[in-house]
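In: Below are the sequence and a predicted model for it; my questions follow.
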Amino acid sequence: MSMPKSNGTEAHVQVAVRARPLNQREIDLKSPVIITIHGSQIFVNKSQEKHHTPKAFSYDFCFDSMRLDNSNYASQEFIFNKLGIEIVKHAFEGYNACIFAYGQTGSGKSYTMMGIHNDRGIIPRLSQSVFDGIENELQQDENNDRNIESIDNEKINDILSLKFSSTYRVEVSYFEIYNEKVRDLLNPNNNHHALKVRENKILGPYVDGLSQLVVTSYQEIETLLIEGNNYRTVASTNMNNESSRSHAVFTLKLTQTLSTEASETQSVKVSKISLVDLAGSERVSKSGIQIEQIRFREGCNINKSLSTLGLVISALATRQSHENNPKSTKKTFVPYRDSVLTWLLKDSLGGNSFTIMLATISPAYDNYEETISTLRYADQAKKIVNHAIINEDEPGKIIRELRNEIDKLRKELADAKAEKSADAKDEKSAEKLNAEIKENEKLMQTITKDWQQRIAETDKISKERHELLEKSGISVCSSGIGLEKDRLYLVNLNPDPALNELLVYYLKPKTSIGRPDASIQQDIELIGVGISPEHCVIEIRNQNQIFLIPLNKSKTYVNGQLIDNERQLRHGDRILLGCSHFFRLNSPGDK
């Protein structure tokens with residue numbers, strides 16, 4: 001929602017690179033470390049020979065997280081302090097801001113962006129920082145009011161205009177882009193059909209129908225992130241995905257309204273922070289993924305969006321070099337609309353935003369090609385220049401502009417109908433105008449909702465989301481928050497850290513597991529290859545004796561062994577149901 005008063009502040013896309021520690025696979029391979037970091041420079045030394053010159057790259061920030069015992073070790077907190085605090089500052093000034101994480105699968109993108117419960121990443125830290133900032137601003141307002149009230153009454157009228165009240169409102173959305181389709185992670189009822197991306201002349205690209213939920217505290221955001229990630233994990237497991245093969249986008253919208261006591265006018269600033277965790281860039285052979293129809297399509301779409309992102313970055317870098325050359329008259333086409341991802345990132349890349357690209361890399365020789373590719377990608381991004389604008393909105397200005405646009409479109413439609421042409425092109429033009437009018441009217445309805453309506457809508461969606469998760473047997477207080485450690489439960493297992501141990505299923509004395517379309521409703525509902533309508537039952541006998549009973553010759557494995565009769569379970573047992581649903585049993589009595 002930008003109301004530009006000038007060309008804005010020129011700001012290069014800042015680039016940060018983080019090198020993670022060696023993982024177990026790389027340690028087992030005895031893969032040598034080829035990365036060295038000195039200040040803002042990264043050196044990649046493929047050869048151990050003395051005469052070999054390493055490749056050197058320079059960036060705005062270089063984070064060395066390769067060894068915990070290193071005095072320069074870059075922790076989650078350190079990285080947030082370097083990147084996140086500045087982003088929050090820009091948001092309170094009224095600017096849009098964006099951080100997007102790019103790198104090969106397993107290089108630490110999701111860990112850096114989301115983190116884990118006891119070592120939070122950028123997204124939760126930044127969300128908390130926004131609410132801390134609101135609290136500080138309100139406290140300053142209160143102190144200013146006290147100072148004004150203490151001034152002599154004769155002077156009070158002269159400075160009454162200094163006394164003001166501020167209100168702060170925060171809304172969030174969370175969605176993923178999977179196979180070029182948008183899925184709402186906070187409103188699963190939105191996903192009976194893929195949400196469409198549209199572009200409005202006034203508001204720019206947006207996701208039509210995406211839920212924007214009201215939040216009043218960091219704790220509410222924390223819950224939404226957990227539940228959104230729960231839904232993302234369920235969807236991924238149901239489709240037999242072994243990793244988070246989608247781009248995840250978390251957006252925080254901050255609306256600041258300043259009212260002075262001496263005047264009825266208001267000043268409104270609306271800023272948007274976009275935090276993007278991109279799907280992994282990888283060679284298919286390296287990922288170990290079977291070339292099945294579904295996975296092949298996934299890979300094609302991920303490659304499409306990431307390659308389009310590369311083309312957009314390259315085109316923006318070329319455009320900037322032409323703009324820097326006074327003699328150049330060349331115009332560079334930027335293919336934003338060639339993928340859903342780049343279309344939605346249009347403002348963040350070359351537009352109205354302060355943007356940081358965070359590239360994550362492996363330090364191992366085994367990943368040399370992917371590391372070099374990521375660093376070159378990041379090198380191009382340094383050349384992009386954005387034009388960030390303080391998004392100040394006079395109350396009702398956007399609504400007036402939308403109304404004017406609707407009136408203009410209606411006039412065009414009336415003129416087209418008056419001509420009464422039977423030409424097919426004219427008919428298509430009329431259809432297009434009708435569609436644009438409907439889109440603008442729908443946007444108007446969304447924008448003009450009052451705050452109480454938005455709160456009521458948020459409550460309704462939250463209730464529906466809880467019901468849907470609980471219907472599947474999932475605890476809505478999972479991921480270590482409010483988890484009842486002394487209860488028996490199953491927790492999901494996934495090779496992707498972003499999806500691992502997110503779903504908690506508490507066990508009843510008799511817990512049935514099967515498909516949602518079973519003739520009898522199941523306590524835990526699963527979808528996927530190899531899951532039978534009534535798949536198995538878990539029974540608790542004599543308080544803490546747990547038995548797994550397969551039904552209907554279903555594919556049921558315990559610690560890798562297919563079972564066809566009841567099997568007593570122990571704490572820590574691994575269970576595989578069907579082809580893709582892995583769990584670990586938590587049984588406190590067995591510990």
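Out: Looks like it came in fine. From a predicted model like this one, the values you see are computed outputs, not experimental measurements.
In: got the contact list for I221?
Out: Residues in contact with I221, defined by Cβ atoms under 8 Å, 6 or more residues apart in numbering, are 124, 127-128, 172, 215, 252. Every residue, glycine included, has its C-beta placed from N, CA and C.
In: any low-confidence regions in the stretch 101-250 of the chain?
Out: The model of the stretch 101-250 of the chain has pLDDT under 70 over residues 141, 143-164, 191-192, 235-244.
In: Tell me which stretches of it form helices.
Out: Along the stretch 101-250 of the chain, the segments classed as helices by DSSP state H, counting those that start in this stretch run 109-113, 122-149, 153-156, 218-238.
In: For those helices, give me JSON lines that also has distance to A456.
Out: Formatted as JSON lines, the helices of the stretch 101-250 of the chain follow (distance: least, Cβ to Cβ, whole Å):
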{"stretch": "helix 109-113", "distance to A456": "31"}
{"stretch": "helix 122-149", "distance to A456": "22"}
{"stretch": "helix 153-156", "distance to A456": "41"}
{"stretch": "helix 218-238", "distance to A456": "15"}
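In: out of the ones you listed, nearest to L413?
Out: The closest of the helices of the stretch 101-250 of the chain to L413 is helix 218-238. By Cβ to Cβ, the value is 39.7 Å.
In: what comes up buried for that closest one?
Out: 218, 220-238 (16 or more other Cβ atoms under 10 Å).
In: Then stretch 170-190?
Out: In stretch 170-190, the ones that count as buried by 16+ other Cβ under 10 Å are 170-188, 190.
In: again with stretch 87-103
Out: Applying 16+ other Cβ under 10 Å to stretch 87-103 flags 87-88, 90-103 as buried.
In: Just to be sure, which of these are found in helices?
Out: Those of those mapping onto helices are 87-88, 90-93, per DSSP state H.
In: What is the nearest of these to T556?
Out: Distances from T556 to these, taken by Cβ to Cβ, are shortest for I87, at 47.6 Å.
In: got the contact list for that closest one?
Out: Neighbours of I87 in contact, by Cβ under 8 Å, 6+ apart: 97, 99, 126, 273, 354, 356.
In: got the contact list for the third one?
Out: Same thing as L126. Going by Cβ under 8 Å, 6+ apart, L126 touches 80, 84, 87-88, 252, 273, 275.
In: Grab the two from those residues that are most spread out in space.
Out: It's F80 and L252 that sit farthest apart of these, by Cβ to Cβ, at 14.6 Å.
In: tell me the secondary structure for S71?
Out: coil (DSSP: H, G, I helix; E, B strand; the rest coil).
In: burial of it, as a residue count?
Out: Neighbour count of S71, defined by other Cβ atoms under 10 Å: 6.
In: so which of the contacts of I221 is the most crowded?
Out: Result: S127 is most packed of these (other Cβ under 10 Å), 28 neighbours.
In: For that one, give me its contacts.
Out: The neighbours of S127, taking Cβ under 8 Å, 6+ apart as the test, are 172, 218, 221-222, 225, 252.
In: at 6 Å what do you get?
Out: Residues near S127 by Cβ atoms under 6 Å, 6 or more residues apart in numbering: 218, 221.
In: what's the answer for S462, then?
Out: With Cβ under 6 Å, 6+ apart as the criterion, no residue contacts S462.
In: and if we set it to 10 Å?
Out: Contact analysis of S462 by Cβ atoms under 10 Å, 6 or more residues apart in numbering lists 186-187, 213-214, 220, 223-224, 227, 476.
In: where's the closest residue to G39 other than its chain neighbours relative to F78, distance?
Out: Nearest non-adjacent residue to G39, counting by Cβ to Cβ, 6 or more residues apart in numbering: C62, 7.0 Å away. Counting by Cβ to Cβ, to the nearest Å, the gap between C62 and F78 amounts to 12 Å.
In: Then S512?
Out: With distances taken as Cβ to Cβ, S512 is found 48 Å from F78.
In: out of these two, which sits in the busier spot?
Out: Using other Cβ under 10 Å, the more surrounded residue of S512 and F78 is S512, with 19 against 13.
In: which stretches of the stretch 301-450 of the chain have low pLDDT?
Out: 301-303, 326-329, 394-396, 417-428.
In: for it, what spans make up the helices?
Out: For the stretch 301-450 of the chain, the helices defined by DSSP H, counting those that start in this stretch cover 340-344, 368-381, 397-419, 424-447.
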